[in-house]
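Novice: Attaching a predicted model along with its sequence, questions to come.
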Amino acid sequence: MCRAGTVVDINLSSTIGPHLEPDQTSGAVAVESNHRYYARRAAEERTAAQRSMTAAAREWHAKLAMQFAARASAALEETASAA
């Protein structure tokens with residue numbers, strides 16, 4: 001519970017989320033790959049587009065979803081070519 005006047009980091013839960021999992025032995029944090037991040041963001045934007053109340057918001061979220069999907073595809077190709 002927070003007292004009145006205390007500062008709360010509203011982004012904390014998104015910073016320490018299911019995509020960041022601490023290693024049990026070393027305590028190091030494994031960060032998700034670029035491909036997984038962009039694919040996740042594309043899915044989130046597609047969902048936001050479906051839930052949008054206005055056509056402008058729907059178009060904006062759909063545009064972002066396409067951009068993130070393109071980045072996910074590029075990141076996957078980059079990973080494959082590096083291997």
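Specialist: Good, I have the coordinates. Residues are numbered from 1 along each chain as shown.

Novice: helices or strands up against the helix of greatest length in the chain?
Specialist: If you go by DSSP state H, the chain has its longest helix at helix 55-82. The contact analysis (3 or more CB pairs under 8 Å, 6 or more residues apart in numbering; DSSP states H and E) places helix 55-82 against helix 34-51. No exception for glycine: its C-beta is placed from N, CA and C like everyone else's.

Novice: How about residues contacting the helix it packs on?
Specialist: Contacts of helix 34-51 from elsewhere in the structure, counted by CB atoms under 8 Å, 6 or more residues apart in numbering, are 19, 32, 57-59, 61-62, 64-66, 68-69, 71-72, 75-76, 78-79.

Novice: what angle sits between the longest helix of the chain and helix 34-51?
Specialist: Relative orientation of helix 55-82 and helix 34-51, computed by axes from the mean of the first three to the mean of the last three CA atoms, to 10 degrees: 160 degrees.

Novice: Give me the buried positions along helix 55-82.
Specialist: His61, Ala62, Leu64, Ala65, Phe68, Ala69, Arg71, Ala72, Ala75, Leu76 (16 or more other CB atoms under 10 Å).

Novice: so can I have a markdown table of these showing pLDDT?
Specialist: Converted to a markdown table, the buried residues of helix 55-82 look like this (pLDDT from 0 to 100):
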| residue | pLDDT |
| --- | --- |
| His61 | 98 |
| Ala62 | 98 |
| Leu64 | 98 |
| Ala65 | 98 |
| Phe68 | 97 |
| Ala69 | 97 |
| Arg71 | 97 |
| Ala72 | 96 |
| Ala75 | 93 |
| Leu76 | 92 |
